[in-house]
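Engineer: need a 3D model of the sequence below.
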Amino acid sequence: MAVGGAPNWGVLLMAYGGPESLEYVEPFLLDIRGGRPTPPELVEEIRGRYARIGGKSPLLTITRAQAAALEARLNREQERFRVFVGMRHWHPYIASAVDELASAGLRQVVALCLAPHYSRMSIGAYFKKATEAFETAGGGFDVRWVEHWGDRPRFLDAMAENVRRALAKFPRQERSEVKVIFTAHSLPARLVADGDPYDTQLRSTAAEVARRVGEIDWEFCYQSAGAGGIDWLGPQIEERVVDLARAGCRTLLVAPVGFVADHVEILYDLDVEARQAAEAAGARLERTDSMNASPAFIEALAEIVFEAAA
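Structural biologist: So this is what the prediction gives:
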């Protein structure tokens, strides 16, 4: 039972955002593109992707469930924390969450993105928005920034357990032949050339998860690359599954280590596009479950917050 008392820490839990219905796809894209209109054919293409996964993004619902579970876990023994959800590109925005923090009188804050690996293009952009919001809210906040957490043992253990459970989907006699493909969202390749740690952190996470699982054939690749015209980190999952199938790999397991919740990059890019590509080439493709609000993942997040607030 939690000991009573007013919370004195806020947790700013940040995620990307997503449209809650098909009518919001275009304004969501407008936000992502910094106010530049999206070509109509691209709007329709992306609207079609959301239509295939239920007509909306489940991300906000999942993030709120993660926040509620995290707050309950943090306050199990003593009432110290309140958790606020802020989205980078859709409602409720990061600035709104910071306003709520300020209104609640909370000036000590742990700022945490629901993305385990640092890149200045991703986490750096979240932190920039949050910093601006803290300044607009009057400043005076003691913010503990959690830059990356893809190397935390509890997170790695939870990922490894998900891989083990997913391998059990295959007949026992086939499991040693399954190719495990760890994935994460692609970013422009120039970032790595400029010294960004994203790729190195991801490959380290994949290797650590594989080591925990033990005796698996695995590799790492990227997914969900943006538009052409620039080089993106690769190889890309939809191409790689075809290459593997043609080389004789008939059982594939995709394990997205760069994501912790179901959203369009999981439910469409992997469950629809990558699976269709694999099946057309003669391979079976399965996927590990997302972390979402699973107890093991919430324990991992709680440990991160406790350490940051110490």
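Engineer: quick one: the strands in the stretch 1-150 of the chain?
Structural biologist: 9-15, 81-87, 108-113, 142-146 (DSSP state E, counting those that start in this stretch).
Engineer: out of these, which one sits most buried?
Structural biologist: strand 9-15 (a mean of 25; mean count of other CB atoms under 10 Å). C-beta: built from backbone N, CA, C; applies to glycine.
Engineer: before we move on, the earlier item: just put the strands of the stretch 1-150 of the chain in JSON lines and tack on mean pLDDT and distance to W218.
Structural biologist: Formatted as JSON lines, the strands of the stretch 1-150 of the chain follow (pLDDT from 0 to 100; distance: least, CB to CB, whole Å):
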{"stretch": "strand 9-15", "mean pLDDT": "99", "distance to W218": "27"}
{"stretch": "strand 81-87", "mean pLDDT": "99", "distance to W218": "32"}
{"stretch": "strand 108-113", "mean pLDDT": "99", "distance to W218": "26"}
{"stretch": "strand 142-146", "mean pLDDT": "99", "distance to W218": "27"}
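Engineer: for those, give me CSV that also has distance to S290.
Structural biologist: CSV is the format used below for the strands of the stretch 1-150 of the chain (distance: least, CB to CB, whole Å):
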stretch, distance to S290
strand 9-15, 13
strand 81-87, 17
strand 108-113, 16
strand 142-146, 20
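Engineer: between these, which gets nearest to E100?
Structural biologist: Nearest to E100 among the strands of the stretch 1-150 of the chain is strand 81-87; the distance by CB to CB comes to 5.3 Å.
Engineer: now do the closest one: which elements does it pack against?
Structural biologist: Helices and strands touching strand 81-87, by 3 or more CB pairs under 8 Å, 6 or more residues apart in numbering; DSSP states H and E, are strand 9-15, helix 59-74, helix 94-103.
Engineer: out of these, flag the one nearest I46.
Structural biologist: Once the helices and strands packed on strand 81-87 are compared by CB to CB, helix 59-74 is nearest, at 14.5 Å.
Engineer: among the helices and strands packed on strand 81-87, which is the most enclosed?
Structural biologist: strand 9-15 (a mean of 25).
Engineer: and that one, which strands flank it?
Structural biologist: Next to strand 9-15 in the sheet, as set by DSSP bridges, lie strand 81-87 (parallel), strand 108-113 (parallel).
Engineer: could these go into CSV alongside distance to R165?
Structural biologist: What follows is these, written out as CSV (distance: least, CB to CB, whole Å):
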stretch, distance to R165
strand 81-87, 27
strand 108-113, 26
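Engineer: closest one to V178 among those?
Structural biologist: Between those, strand 108-113 lies closest to V178; by CB to CB that is 31.1 Å.
Engineer: re earlier: so which of the strands of the stretch 1-150 of the chain is nearest Q173?
Structural biologist: strand 9-15 (40.1 Å).
Engineer: report the contact partners of the residue nearest in space to the middle of the chain.
Structural biologist: For the chain, the residue nearest the mean C-alpha position is F259 (2.8 Å; CA atoms, centre = their mean). Neighbour list for F259: 115, 184-185, 265-266, 290 [criterion: CB atoms under 8 Å, 6 or more residues apart in numbering].
Engineer: nothing else from me, thank you.
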